[in-house]
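> The amino acid sequence is not available; the structure is as follows:
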Ligand SMILES: CC(C)(C)[C@H](NC(=O)Nc1cc(F)cc(F)c1)C(=O)N(CC(=O)NO)CC1CCCC1
Ligand SMILES: [Zn+2]
């Protein structure tokens, strides 16, 4: 099982690489990697297992964070209506997005960043996304709220972008046009 020691931290060059497209249908090794990422998120959200192994409660994990520079990530998050989004994406893309913006009112963190970085990360409020699952089937979803934020945060990792790249150090809590806060 993946542990926190398997997650590379800010400063590791892989986090700044543009990850490579995954050939389809996915190879067994890639499917195995995705399964381990899904398992990590599940374990990290389990009160007993996360406590026993010291896992931070993760809602998303991108392959570059375990030093695999490939375009895939897993997300495991519930929206404000209690709908679960447990998806692993291979070669994910945003195909369209809203003009409106939103942000986590508590700011963002990252499993690969061991310090608090205050500030708002303004993202698209709604995104239409597509990718492939571990079976190589196309997935197309419309996301909003926390699932939309998680998708965009994980996609950034595939492009070598960290959440704090979006924060203006001179005015970290500045809000461009009326962005909608997502409370958590
Ligand atoms: C880094 C950590 C704080 C563990 C973060 N968890 C998180 O934000 N949980 C959360 C947020 C809510 F808004 C409501 C709720 F119920 C739980 C996380 O997993 N990630 C994943 C990550 O680092 N992926 O690379 C960071 C999140 C920041 C915004 C989206 C993902
Ligand atoms: Zn992250």
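Alright, I've got the coordinates. Worth saying up front: this structure is predicted, and the values here are computed from it rather than measured. Numbers count the residues shown, from 1 in each chain. Ligands and ions are numbered 1, 2, ... in the order given.
> Give me the contacts around the longest helix anywhere in the chain.
Across the chain, the longest stretch assigned as helix under DSSP state H is helix 28-44. Residues from elsewhere that reach helix 28-44 (C-beta atoms under 8 Å, 6 or more residues apart in numbering): 1-2, 22, 26, 49-50, 53, 55-61, 63, 66, 68, 70, 72-76, 86, 88, 90, 134. Yep, even glycine has a C-beta here, placed from its N, CA and C like the rest.
> and residue 184, what does it touch?
Contacts of residue 184 (C-beta under 8 Å, 6+ apart): 104, 105, 106, 146.
> Quick check, pLDDT for it.
As predicted, residue 184 sits at a pLDDT of 78.
> Number of residues surrounding the nearest residue to residue 100 once chain neighbours are set aside?
Nearest non-adjacent residue to residue 100, counting by C-beta to C-beta, 6 or more residues apart in numbering: residue 125, 4.0 Å away. By the criterion of other C-beta atoms under 10 Å, residue 125 has 20 neighbours.
> Now the residue nearest in space to the middle of the chain: which helix or strand?
Centroid-nearest residue in the chain, with C-alpha atoms, centre = their mean: residue 154, separated by 2.7 Å. Under the criterion DSSP states H and E, the helix or strand holding residue 154 is helix 145-158.
> quick one: that helix near ligand 1?
Yes. Contact of helix 145-158 with ligand 1 (C-beta under 6 Å from any ligand atom) involves 146, 149, 150, 153, 154, 157.
> correct me, but residue 145 touches residue 182?
Yes. Residue 145 is within contact range of residue 182, at 5.9 Å (criterion: C-beta atoms under 8 Å).
> Need the residues touching each of the two.
Counting by C-beta under 8 Å, 6+ apart, the shared contacts of residue 145 and residue 182 are residue 102.
> Distance-wise, check the residue of the chain found nearest ligand 1 relative to residue 28.
Closest contact between the chain and ligand 1, by C-beta to the nearest ligand atom, is at residue 184 (3.0 Å). Separation of residue 184 from residue 28 (C-beta to C-beta, to the nearest Å) stands at 37 Å.
> Over to residue 138?
Using C-beta to C-beta, we find residue 138 at a distance of 20 Å from residue 28.
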